[in-house]
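Q: kindly return the folded structure for what I paste below:
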Amino acid sequence: MRVVKKINNNVVVCLDQHGEELVAFGKGLGFQKVPYELTDMTKVTMTFYKLNYQYYQLLKEIPTEIFDLSAAIVERAQALIPRILNPNMIFSLADHINFAITRLTHYKSAQLPFSYDVEQLYPQETDVGYYAVRLINRRLNIQLPVSEVTAIAMHFVNSQTNDLATNSSVNSDRAFYNQVSQILLAN
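A: Okay, here's the model as predicted:
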């Protein structure tokens, strides 16, 4: 894989063996002078193909550790929620977490009046929300308010498709493209 552009020390733009552009995450990937050939693939922790401009901007604005947290939370959610999640969930959740931290330091916390309803209607998503808030608080040494549990749970509710997830369909690009096609044809 050829690294062609540095976004930051841990995120780079690459070309794979087929010439397809992708974004790769991994500790220290942006340290070397670009362009260079990345031969140690064990350094790569996440890859994303065909990102739009908005996601590139988020990569520049949001610290890498927030993306790492988001990826860990999404991974946990995929184990708990039996529905297929939007593959861009890592980006939208990272954006939310980053703003929640900004809101915590600069503004008052907001209470969500429908927290009880969300917890009753979406228990798995709420469990992910509790996990996320505990993980964020521990790793970043901050204290997000409990209302963030509901906000994060709603991110997962909104990112789901109507299809049940199976190990083979979650990991299959073909299944993902078929689902997107079905959604587009239905609308």
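
Q: would you agree V3 falls within a strand?
A: Yes: using DSSP: H, G, I helix; E, B strand; the rest coil, the assignment for V3 is a strand.

Q: beta partners for it?
A: Beta-bridge partners of V3, counted by DSSP bridges, are C14, Y36.

Q: residues contacting it?
A: Counting by C-beta atoms under 8 Å, 6 or more residues apart in numbering, V3 touches V12, V13, C14, A24, L29, Q32, V34, P35, Y36, E37, L38. Just so you know, the C-beta spots here come from the backbone N, C-alpha and C atoms, and that holds for glycine as well.

Q: which of the helices or strands spans the most centrally placed residue in the chain?
A: Centroid-nearest residue in the chain, with C-alpha atoms, centre = their mean: I90, separated by 0.8 Å. Remark: I90 resides in helix 89-106, with elements defined by DSSP states H and E.

Q: mind listing what's buried in the helix or strand just after that helix?
A: Using DSSP H and E, the helix or strand that follows helix 89-106 in sequence is helix 115-121. Residues of helix 115-121 classed as buried by neighbour count (16 or more other C-beta atoms under 10 Å): S115, V118, E119.

Q: export the residues you listed to CSV and append columns for pLDDT and distance to L140.
A: Below are those laid out as CSV (pLDDT from 0 to 100; distance: C-beta to C-beta, whole Å):
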residue, pLDDT, distance to L140
S115, 79, 22
V118, 86, 24
E119, 88, 24
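
Q: ranges for the strands of the chain?
A: Using DSSP state E, the strands of the chain run over residues 2-8, 11-15, 21-25, 36-37, 46-49, 83-85, 160-164.

Q: need the ones you listed in CSV with mean pLDDT and distance to I136, can you?
A: CSV is the format used below for those (pLDDT from 0 to 100; distance: least, C-beta to C-beta, whole Å):
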stretch, mean pLDDT, distance to I136
strand 2-8, 89, 20
strand 11-15, 90, 20
strand 21-25, 89, 18
strand 36-37, 92, 34
strand 46-49, 86, 18
strand 83-85, 85, 19
strand 160-164, 67, 21
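
Q: I81 is in contact with Q160, correct?
A: Yes: applying C-beta atoms under 8 Å as the test, Q160 and I81 come out as touching, 6.9 Å apart.
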